[in-house]
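In: this is a predicted model, with the sequence first.
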Amino acid sequence: MRELTGVGGLIRLILRRDRVLTPLWVLFVGLVPVSYVAAIDGLFPTEAGRRAYAAASGHNGGFVALYGPLHGSSLGELVAWRAGFIPIVIGLFSILTVIRHTRTEEEAGRRELLGSTVMGRHAGLAAALAVTMAADLVLGAILAGGLVGQGLPATGSWALGLGFAACGWVYAAVAAVAAQLTGGAGGARGIAIGLLGATFVLRVTGDLSGLSSDGTLTWASWLSPIGWAHRVRPYAGETWWPLALAAGVAALLAAVAVALSARRDIGAGLLPQRLGPASAGAGLCSPLGLAWRLHRSLLAGWTAGFLALGVVLGYLAAGIGDLVRDAPAMSDIMIRIGGVRGLVDSYFSGLVALFGLLAAGYAIQATLRAREEESSGRAEPVLGTAVGRVRWAAGHLAFSLLGPAVALAAAGLAMGLTHGLNTGDVGRELPRVLGAAMVQLPAVWVLGAVAVLLFGLLPRLAAVSWGALAICLLIGLVGPALRVDERLLEVSPFTHLPRLPGGPMNVTPLLWLAVVAAVLAGAGLAALRRRDIPAA
């Protein structure tokens, strides 16, 4: 078909551009469940211990909301259940990848340039979907192969891997449709990620309803691709037809995206855009004001997400005591994960560490917005005025520093207030949990500063800063379970933070991390002053 002319060349181009980021992401997510095998087997070496753990966890609303339904007590079933949050991560990656290679390319003008060559109208969309779905499939194969290598049954391992891959296919197709609706990448990401969140809520609603006696809303989880992945039932008498359902929906949505693409102009979306005011307001007369206009939606979305998660996770803390009474071995899990005194303190210590890693993702994204402004040509008119480079970049970097602080404060306040209301001691719990969340900031700033350094020194490799976050995630989630060398663990700035709440407070590592972040960011800004804009 003429509309698909040039797909092969575009696939090679995408693979070359993502040759670092995609392999890192695929290996990281694919190998995380493998670490669960040794961790669960070490904590529950006997069948009786696993049965007790499954009986307590499978009926705990908090764990079901996070991981989905638990179908049995075998080692494979527990590993598959513990990996139940991973389809959301795969869906998010699929969405971001498809939009980056479709709508972002149009927004930057590269799609129109390529379209002037011998390239079909739908080649770019087809190439983005092909690469993303292939990456999802490779991830599923790595996951399955790793679990088989750990001694788990091959049938269940492949069911788990293919279920996760099929879930990623659906969200890749959702992103392809969203890319046709709006005139900008930000709007497309907002639509697709909003649908990802909505389907997660549907999955949670259906699974929690299944715990009740009537189960009137269990059908809601069947409206979610995440629920389809769970319904494959790895290691529990596999059900294969949900995979066909996911593949069919992905194919249908991809066909819809192609049909919509044929009905719109390049650079435009099908949804009408609202015209802005004829003249700029006073708030846009400074680099910081412009940065606020560009970052406010992103900041609001991250803060709202942190706030919602904080409320849910703070509420679930009250159920830890019941879980431990039903399964005493859970005490060992919480203590090993948190590494501090007290089960609830360990629970919150692990949560604030996770929120810190997520906040680092926001810091990197906010920093890379400056690179996006540069590569799209919008930075040059601003720098053509009296605004200097450092002042222009500082407007964006203010959100790299302060944005994570706002998001972490929202999560800490929500968790501390909710848990304090449950225990009747808000005055004690709120400052402890909030302080633990804010302690994550110096490590977050270090990763944000890495992005600043790459943006200033090697702008074409600025996206590699996501690789630094992936390494920290891998160290934080898998390192302790695999008992890797302490020197490797110390590569991550998050390993140097005090274990709060409950642990001793040490200000020295926080100051050193802040100094490292300042040095890296300063070096990045100094390099920005000396290089060409836009970078070649």
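Out: That came through, no problem. Numbers count the residues shown, from 1 in each chain.
In: now do the buried residues in the longest helix belonging to the chain.
Out: For the chain, the helix that runs over the most residues, judged by DSSP state H, is helix 389-423. For helix 389-423, a neighbour-count test (16 or more other Cβ atoms under 10 Å) marks 389, 392-401, 403-420, 422 as buried. C-beta here means a position set from N, CA and C on the backbone, and glycine is covered the same way.
In: and the end-to-end length of stretch 380-392?
Out: With Cα to Cα, to the nearest Å as the measure, stretch 380-392 spans 11 Å from end to end.
In: what of stretch 375-388?
Out: One end of stretch 375-388 sits 17 Å from the other (Cα to Cα).
In: quick one: buried residues of that stretch?
Out: Ser375, Ser376, Ala379, Leu383, Val387.
In: what's next to that stretch, contact-wise?
Out: Glu107, Ala108, Gly109, Pro287, Leu290, Ala370, Glu373, Arg389, Trp392, Ile533, Pro534 (Cβ atoms under 8 Å, 6 or more residues apart in numbering).
In: in strands, which of these fall?
Out: Among those, no member falls in strands (criterion: DSSP state E).
In: ranking by neighbours, what's the top pick from these?
Out: Neighbour tally across the contacts of stretch 375-388 (other Cβ atoms under 10 Å): the maximum, 27 neighbours, falls on Ala370.
In: need the contact list for that residue.
Out: Counted by Cβ under 8 Å, 6+ apart, Ala370 has contacts Ala379, Trp392, Ala393, His396, Leu397, Phe455.
In: now distance to Cys472 and pLDDT too, for those residues, in JSON lines please.
Out: Listed next are the contacts of Ala370 as JSON lines, based on distance: Cβ to Cβ, whole Å; pLDDT from 0 to 100:
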{"residue": "Ala379", "distance to Cys472": "29", "pLDDT": "81"}
{"residue": "Trp392", "distance to Cys472": "29", "pLDDT": "89"}
{"residue": "Ala393", "distance to Cys472": "24", "pLDDT": "88"}
{"residue": "His396", "distance to Cys472": "22", "pLDDT": "88"}
{"residue": "Leu397", "distance to Cys472": "20", "pLDDT": "90"}
{"residue": "Phe455", "distance to Cys472": "19", "pLDDT": "90"}
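In: which two of these have the greatest separation?
Out: Across those, the longest distance by Cβ to Cβ is 13.8 Å; it joins Ala379 and Leu397.
In: show me the contacts for Ala159.
Out: Counting by Cβ under 8 Å, 6+ apart, Ala159 touches Val232, Arg233, Pro234, Tyr235, Glu238, Trp240.
In: and it, what pLDDT?
Out: For Ala159, the pLDDT comes out at 95.
In: and Asp322, by the same measure?
Out: 56.
In: and the closest residue to Ile475 other than its chain neighbours, how far is that from Trp302?
Out: Nearest residue to Ile475 in three dimensions, chain neighbours excluded: Ser492, at 4.4 Å (Cβ to Cβ, 6 or more residues apart in numbering). From Ser492 over to Trp302 the distance is 21 Å, taken as Cβ to Cβ, to the nearest Å.
In: likewise Val464?
Out: Note on Val464: its distance to Trp302, by Cβ to Cβ, is 22 Å.
In: and for Arg110?
Out: When distance is defined by Cβ to Cβ, Arg110 is 28 Å away from Trp302.
In: between the two, who's got more neighbours?
Out: Trp302 (21 against 16).
In: does that one really touch Gly403, like I thought?
Out: Yes. Between Trp302 and Gly403 there is a contact at 7.1 Å, judged by Cβ atoms under 8 Å.
In: quick one: common contacting residues for the two?
Out: Joint contacts of Trp302 and Gly403 (Cβ under 8 Å, 6+ apart) are Tyr362.
In: give me the contacts around the helix or strand harbouring Val516.
Out: With secondary structure defined by DSSP states H and E, Val516 is part of helix 508-530. By Cβ under 8 Å, 6+ apart, the residues outside helix 508-530 that reach it are 389-390, 393-394, 397, 439, 442-443, 445-446, 448-450, 452-457, 493, 496-498.
In: of the contacts of stretch 375-388, which one scores lowest on pLDDT?
Out: Minimum pLDDT for the contacts of stretch 375-388 is recorded at Ala108 (67).
In: low pLDDT regions in the stretch 301-450 of the chain?
Out: Where the stretch 301-450 of the chain drops to pLDDT under 70, the residues are 319-343.
In: again, only using 50
Out: Within the stretch 301-450 of the chain, the segments meeting pLDDT under 50 span 334-335, 337-341.
In: how about the helices of it, start to end?
Out: Taking DSSP state H, counting those that start in this stretch as the test, the helices found in the stretch 301-450 of the chain are 320-326, 330-338, 343-375, 379-383, 389-423, 426-438, 441-457.
In: indicate which one of those helices is closest to Ala257.
Out: helix 343-375 (23.1 Å).
In: by how many degrees do that closest one and helix 441-457 diverge?
Out: Comparing the axes of helix 343-375 and helix 441-457 via axes from the mean of the first three to the mean of the last three Cα atoms, to 10 degrees yields an angle of 20 degrees.
In: use 6 as the first number from now on
Out: Got it, first residue is 6 now, which makes that one helix 348-380.
In: ok now helix 348-380, how far from the chain's centre?
Out: 9 Å (Cα atoms, centre = their mean, to the nearest Å).
In: what does stretch 150-170 give?
Out: In terms of Cα atoms, centre = their mean, the centre of stretch 150-170 is found 23 Å from the chain centre.
In: distance between the ends of that stretch?
Out: 14 Å.
In: so what's the residue positioned nearest the centre of the chain up against?
Out: Centroid check for the chain by Cα atoms, centre = their mean gives Val94 as the closest residue, at 5.3 Å. By Cβ under 8 Å, 6+ apart, the residues touching Val94 are Val34.
In: tell me the mean pLDDT for the helix or strand hosting it?
Out: According to DSSP H and E, Val94 maps onto helix 91-105. Helix 91-105 shows a mean pLDDT of 88.
In: ditto for stretch 229-245
Out: On average, stretch 229-245 scores 92.
In: can I get it as CSV, trimmed to CA atoms?
Out: Below are the C-alpha coordinates for stretch 229-245, written out as CSV (Å, rounded to 0.1, in the frame of the first residue of the first chain):
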residue,chain,number,x,y,z
SER,A,229,-10.1,-2.5,31.8
PRO,A,230,-7.2,-3.9,29.8
ILE,A,231,-5.4,-4.2,33.1
GLY,A,232,-8.2,-6.5,34.3
TRP,A,233,-7.9,-8.6,31.2
ALA,A,234,-4.2,-9.2,32.0
HIS,A,235,-5.1,-10.4,35.5
ARG,A,236,-7.9,-12.6,34.1
VAL,A,237,-5.3,-14.7,32.1
ARG,A,238,-4.7,-16.3,35.6
PRO,A,239,-1.0,-17.3,35.2
TYR,A,240,-0.1,-20.4,37.2
ALA,A,241,-3.8,-20.9,38.2
GLY,A,242,-5.2,-22.8,35.3
GLU,A,243,-4.5,-20.3,32.5
THR,A,244,-7.3,-18.7,30.6
TRP,A,245,-6.1,-17.6,27.2
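In: what comes up buried for that stretch?
Out: Across stretch 229-245, burial judged by 16+ other Cβ under 10 Å covers 229-241, 243.
In: what does stretch 505-524 give?
Out: Residues of stretch 505-524 classed as buried under the neighbour-count rule (16+ other Cβ under 10 Å) are Leu505, Pro506, Gly507, Gly508, Pro514, Leu515, Leu518, Ala519, Val521, Ala522.
In: can you put those residues in JSON lines and add distance to Glu82?
Out: What follows is those, written out as JSON lines (distance: Cβ to Cβ, whole Å):
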{"residue": "Leu505", "distance to Glu82": "34"}
{"residue": "Pro506", "distance to Glu82": "33"}
{"residue": "Gly507", "distance to Glu82": "32"}
{"residue": "Gly508", "distance to Glu82": "34"}
{"residue": "Pro514", "distance to Glu82": "40"}
{"residue": "Leu515", "distance to Glu82": "41"}
{"residue": "Leu518", "distance to Glu82": "40"}
{"residue": "Ala519", "distance to Glu82": "44"}
{"residue": "Val521", "distance to Glu82": "43"}
{"residue": "Ala522", "distance to Glu82": "43"}
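In: what angle do the helix holding Val521 and helix 446-462 make?
Out: Angle, helix 513-535 to helix 446-462, by the same axes, to 10 degrees: 20 degrees.
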